[in-house]
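> Below are the sequence and a predicted model for it; my questions follow.
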Amino acid sequence: MSASTDVPKESFRLSQLIYDTRYRSITIQVIALVLLIGALWWLINNTVQNLETLGKDFDFGFLTQPAGYDINQRLIEYTSQSTHGRAAIVGILNTMLVAILGCALATVLGVIAGVLRLSKNWLVNNLMAVYVEGFRNVPLLLWIILIFAVMTESMPRPSDFRGDEPEATMFLGDSVAVTNRGVYIPRIGFENSIGPAGATWREESTAAIEAGEEEPAEPPSSLVDWLIVLGVLGASIYGARWNTRRANAAQEATGERPTTWHVNLALIVLPTLAVMIALGATVAQPYLRGFNFAEGIHLRNSLIALWLALSLYTGAFIAEIVRAGILAVSKGQTEAANALGLRPGRTMSLVILPQALRVIIPPLISQYLNLTKNSSLAIAVGYMDVRSTLGGITINQTGKELEGMLLLGLFYLVLSLAISALMNVYNNSVKLKER
Amino acid sequence: MSETHAETTRFVRTEMLAEQDPPITEKGVVKWTRENLFSGWLNVILTLLSLYVIYAVLSALLPWFANSVWTAESLEGCREALGEQGLTGHGGACFSVITERWNQLIFGFYPTELYWRPILAFVIFLLGIAPVLFQSMPRQALWASLTAPFLVYWLIWGGSLWGPIITAAGFGVGALAYVLVGKAAGNIVGTISAILLPILFWLFVTGPFVAALSGVLPLEITKVESNDIGGFMLALIIGISGIILSLPLGILLALGRQSHLFIINKVSVAFIEIIRGVPLIVWLFTASLLLNYFLPPGTNFDLMLRVIIMVTLFASAYIAEVVRGGLAALPKGQYEAADALGLDYAKSMRLIILPQALKISIPGIVNTFIGLFKDTTLVVFIGLLDPIGLSNAIRATTEWNGIYWELFIFIGLMFFIFCYSMSRYSIFLEKKLQREHR
Amino acid sequence: MKKSVFLGALTIAGLAAGAGSAATLDDVTARGTLNCGVTTGLVGFAAPNANGEWQGFDVGVCRAVAAAVLGDPTAVEFVPTTGQTRFTALASGEIDMLARNTTWTFSRDVDLKFEFTGINYYDGQGFMVPRELGVSSAKDLDGATVCIQTGTTTELNLADFFRTNNMAYEPVPIETNAEAQQQYLAGACDVYTTDASGLAATRATFETPADHVILPEIVSKEPLGPLVRHGDNEWGDVVRWTLNALIAAEELGVTSANVEELAAGTNNPEINRMLGTEGELGAMLGLDADWAKRAIMAGGNYGELFETHIGENTPIGLARGLNAQWTEGGLLYAPPFR
């Protein structure tokens, strides 16, 4: 607009707002803004009126009321007396859990299937094509329902593990039980657990031993314990990396690489082991008690079915992305790698995949986003994600659909934006730096 | 040549040897098997693993399919028929539920004697979409395509033909206003009146007009309520109308996102990100639970219509991204050429940019449609009877309570056929576009 | 912008129907059909048959109201609702009444602002377990895995029951009855809990019903009934008294077979008042004199409805129990038609 400085102010006519390209864009924007504000005002005004007619108010007080319902999978402490707000948080954590697990498994499945899809092996190639097309062309909801049903129908019941000649047995030396209610795996408890639960357990077990009773319950583990263990592990890994760097430096300087693996191993394992022993770590294996297995970690069927379905479904899409990414790497690269004498496996991992990654990452991000959003289909298998708790039972019990849906939408929006922001940062870091 | 040669008998072959077969390991099935299945230890393992997977799946499913019962009238009947073969209730499939209820799964509760109407509507839809999908058809056919939505609507819901005709006339009013007012008062005013006049027309003129015309000449066919529409028909209606209605909005949003006007750009971006950031199921619950809050007190309309509105808004955000991709893929020279010709924004978009951008966006639009079509299954959670919803309803009758796999396999198969053929089409188109660009 | 264009177009095309106003009765008569919310499918209570006609006990109530108001038991648009969407559908005016085995509770009545117009089925939450489990009382269920339907009062009752008895349990929430049944039969849960009627109906369709027992404990009161919006008492009265007419008809011996004959006049003044040969009860409701007669003819009186859809001669085989007339030891007690 540098050329327009000498326009005399007096000559301004109203029609210039439309016909003069200098003002037109402002006119259009002002009109758009007015329309937008008008529309919003209209919506809000309607809502206020409608709420009044229905005799409802708009407040989030219900979040502090007791929820009254139970949630089976809770990553934080929760009882039916906890508040609706806490129920929502339990749901949020469950959503995040299945989303993270799903993204990880989907990536693995997708990469494997995508690579195998390009295999020269006719059978494998076609089998993968069947997998990819089968999952891509049938609604996810149907897959979730079917996988859930397959799991409940084909796995043994807990009662099948009972008796002298049980119909089903546990795996890995009686430590993993696969049932149609989910998978029970051992958990680690700490005898010297820090926190109230640990103190209570120690009192109870001393009392039990004094009374001459057998088998006090397995020791608990608290968040603090795990933070300590993980902290030590992290520090050890950092130490090991320092050691590797030192070895690299030595190699650069002298041409000879000092052996690092044993030091690294010791650096990583020993401190962690020491902390675990200090905390009195014991492995608590699941065992049959009453109707179900007790102890251990219970990975519920709903979680596993949802996880598998989401991963298989998204994996099929990722497979196509990976395939397209690999095909996008020019054939000369493969030939160059062959000329260097690299074996096919190394060609793939050292030459093709790193280059394909740049093509793969952006669509991969949107698949991760899709998976996260699709986790809201948890309702089909009764997995208690945030849509089932806050957006489901809570809304239903309190009749606060406006507030509930608002919070729910906001949560998903923030989650989606956060994921795409994180992924964009990563994307920028692997992007080819063009000159 | 040395003398030793002269002493040895010279051998010159005078006739060609008969061609010999390649060694047994280098030909036919054996060679193919060796190269394609057992070319290395990894491949051997993979092949064996695949064979095992195929065997496991087939051995579990084949007997079940082979023993299926097709003629029983209830699950009880199926179990009896299986019992006669000496099988348990799980020994064979009970596809009788499909033979008994398949037209419900496809048409919902649409009156049986009117099935020809949705079928005809579907044919008209296909005819209407053909010129868009296949570039080889004459371009004039596109004008005929414009009438298809109104005909389809009329055939499915019934009622008076005047409603759709007058509604269509509203678009005519808009086009007329654009041309006439545009000539008289300039482009911008023309555009504004082309938007405002039809709205006024629809709001105030259409109702009395339809009533008057229906009084003169009824042109009515039996009305069908939205509640009677279900099954795959419902999924198709929601999916197709969602995509078609979302196209104009999606294109506007894509242009808005590319626009340099600050407010328009930011509003478009916010709309697209908000819609895409929240799962469809939440939007559907919004349609079912909240839309009534946002509308003037007393308005209330069909759940199906509310779902279509929501799905349209939802799809428009995705279409916008697809179209944006198309716009970005155009060479910059096209934009510059349009500017060089002195075309204004509207003209350059309408005549140069959009036709090309939309053409390369069609595969993406088809893919969005496939996704949307699959996602229509989510309406089951707000009580619409799509195929999965109907399967629940069917399982709630005394005859079919307890049936499971057969229904879901049928539904899955139907979806697969639809989506797979569409994705094949989209791949065909992509390849064609790639060839053209080369 | 596009939205309103679209909206306007379709509004005029006749898809939209203004509702939500106070005079539901007028709306229904003007529209010519009754919009009745039912479940998406529950054995015996509401499910579409092979011809797409809805059938069941709750459906019978809808049809009776349609017959009373519009004179045609088939003039009903059945709107399938889920546990989640039912209340909004009613509150927004999408449906005129909800007959979807809905429990009458304080908060639904007072806080969610609905008017329950009576009780058409007295139910209670029970437990079903496989016989081989050897459980004879719900008090033995400590540590059990329990299948429940979400979006109902069931999950609240269950939480309360286990908490008051100081027992642990593992809830497995399921969306629909059909799904829950499949889970239970596969052994994914030890116990299935829902309304006792639902348990009986579900059990009846098992391959071997005898292998499953319904435990004696009923842990809650579940009075199920049709409901309408607060604030339209005239319409509430129509639904309430149609239901009462069905109940009273059974008590008075009026059936779909003999109602025609009795409507000619009897020497029982209450029957006469109900069937419109005496007094002005129909006019007081804003209906004509034959309203109750038509309601009874639609599917029979309460007893007939019960017997056709869920009674002992059906596969579901529910006994009358609490739902017998008060004269026979049950709780059904229609106020007098006077």
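Received it, and whenever you're ready, just let me know what you need.
> nearest residue to the residue in the stretch 1-150 of chain C that chain A sits nearest to other than its sequence neighbours?
Across the stretch 1-150 of chain C, the shortest distance to chain A (C-beta to the nearest C-beta) belongs to residue C:143, at 4.0 Å. Where you see a C-beta, it was placed from the backbone N, CA and C, and this is true even at glycine. The shortest distance from residue C:143 to any non-neighbouring residue, by C-beta to C-beta, 6 or more residues apart in numbering or on different chains, is to residue A:290 (4.0 Å).
> show me the contacts for that neighbour.
Shown in contact with residue A:290 (C-beta atoms under 8 Å, 6 or more residues apart in numbering or on different chains): C:142, C:143, C:144.
> Need the buried ones from those selected in ChimeraX.
Applying 16 or more other C-beta atoms under 10 Å in any protein chain shown to those leaves a buried subset, and the ChimeraX line that selects it is:
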select /C:144
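> Tell me the pLDDT of the residue nearest to residue C:143.
Residue A:290 is assigned 76 on the pLDDT scale.
> And for residue B:198?
Here the pLDDT value assigned to residue B:198 is 81.
> what's the answer for residue A:347, then?
Looking at residue A:347, its pLDDT is 87.
> And for residue C:4?
Reading off the model, residue C:4 has pLDDT 42.
> follow-up on the earlier one: from memory the residue of the stretch 1-150 of chain C closest to chain A sits against residue A:291, does it?
Yes: with contact defined as C-beta atoms under 8 Å, residue C:143 and residue A:291 form a contacting pair (5.3 Å).
> near chain A, which residues of the stretch 151-300 of chain B show up?
Proximity of the stretch 151-300 of chain B to chain A, by C-beta under 8 Å from any C-beta of the partner chain, involves residues B:186, B:188-189, B:260-264, B:267, B:273-274, B:276-282, B:285-286, B:289-290, B:292-297.
> And residue C:118, how close does it get to residue B:223?
In this view, residue C:118 and residue B:223 are 33 Å apart by C-beta to C-beta, to the nearest Å.
> neighbour count winner among the two?
Of the pair residue C:118 and residue B:223, residue C:118 is the one with more neighbours under other C-beta atoms under 10 Å in any protein chain shown, namely 22 against 11.
> Double-check that one against residue C:225; I have them as touching.
Yes: between residue C:118 and residue C:225 a contact is recorded at 5.2 Å, counting by C-beta under 8 Å.
> Now do the shared contacts for the two.
residue C:243.
> Using PDB, write out the CA atom coordinates for the strand or helix carrying residue B:333.
In the assignment (DSSP states H and E), residue B:333 maps to helix B:332-340. Provided in PDB are the C-alpha atoms of helix B:332-340 (Å, rounded to 0.1, in the frame of the first residue of the first chain):
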ATOM      1  CA  LYS B 332       2.200 -20.900  -8.700                       C
ATOM      2  CA  GLY B 333       2.200 -20.000 -12.300                       C
ATOM      3  CA  GLN B 334      -1.500 -20.600 -12.500                       C
ATOM      4  CA  TYR B 335      -2.200 -18.000  -9.900                       C
ATOM      5  CA  GLU B 336       0.200 -15.600 -11.500                       C
ATOM      6  CA  ALA B 337      -1.300 -16.200 -14.900                       C
ATOM      7  CA  ALA B 338      -4.800 -15.400 -13.600                       C
ATOM      8  CA  ASP B 339      -3.500 -12.200 -12.100                       C
ATOM      9  CA  ALA B 340      -1.700 -11.300 -15.300                       C
END
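> pLDDT on that helix, on average?
The average pLDDT within helix B:332-340 is 87.
> Same check on stretch C:257-275?
Regarding stretch C:257-275, the rounded mean pLDDT is 88.
> Residue B:311 sits in which helix or strand?
Per DSSP H and E: residue B:311 is located in helix B:303-329.
> Show me which residues of that helix are buried.
B:303-324, B:326-327.
> where are the low-confidence patches of chain C?
Within chain C, the segments meeting pLDDT under 70 span C:1-22, C:151.
> care to break the chain down by domain?
No chain was given, so I picked chain A. A:2-47, A:84-186+A:291-430, A:190-284 (automatic domain parsing).
> oops, I was thinking of chain C
According to automatic domain parsing, chain C is divided into the following domains: C:22-122+C:223-328, C:125-220.
> Tell me how far the residue nearest to residue B:239 when sequence neighbours are not counted lies from residue B:334.
Leaving out its chain neighbours, the residue that sits closest to residue B:239 by C-beta to C-beta, 6+ apart is residue B:373, at 3.9 Å. Applying C-beta to C-beta, the value for residue B:373 to residue B:334 is 32 Å.
> higher neighbour count, those two?
Comparing residue B:373 with residue B:334 by neighbour count (other C-beta under 10 Å), the higher total belongs to residue B:373, at 23 against 15.
> If we go by neighbour counts, what in the helix or strand residue C:160 falls within is buried?
For residue C:160, the host element (DSSP H and E) is helix C:154-164. Neighbour counts over helix C:154-164 (16+ other C-beta under 10 Å) mark C:154, C:155, C:156, C:157, C:158, C:159, C:161, C:162, C:163 as buried.
> Run through those and flag the ones next to chain A.
By C-beta under 8 Å from any C-beta, the members of the buried residues of helix C:154-164 lying near chain A are C:155, C:156, C:158, C:159, C:162, C:163.
> which ones are touching the third one?
Under the criterion of C-beta under 8 Å, 6+ apart, the contact list for residue C:158 reads A:70, C:125, C:146, C:148, C:169, C:171, C:193, C:219.
> what's the closest of the residues you listed to residue B:232?
Closest approach to residue B:232 among these (C-beta to C-beta): residue C:148, at 31.6 Å.
> and the stretch 301-435 of chain A, which residues reach chain B?
Neighbours of chain B within the stretch 301-435 of chain A, by C-beta under 8 Å from any C-beta: A:369, A:373-374, A:376-377, A:379, A:387, A:391, A:395, A:401-402, A:405, A:408-409, A:412-413, A:415-417.
> returning to what we had before: the helix holding residue B:311 vs chain C: in contact?
Yes: applying C-beta under 8 Å from any C-beta, one finds helix B:303-329 touching chain C at B:303, B:305, B:309, B:312, B:313.
> centre of the chain versus stretch B:123-131, how much separation?
How far stretch B:123-131 lies from its chain's middle: 13 Å, per C-alpha atoms, centre = their mean, to the nearest Å.
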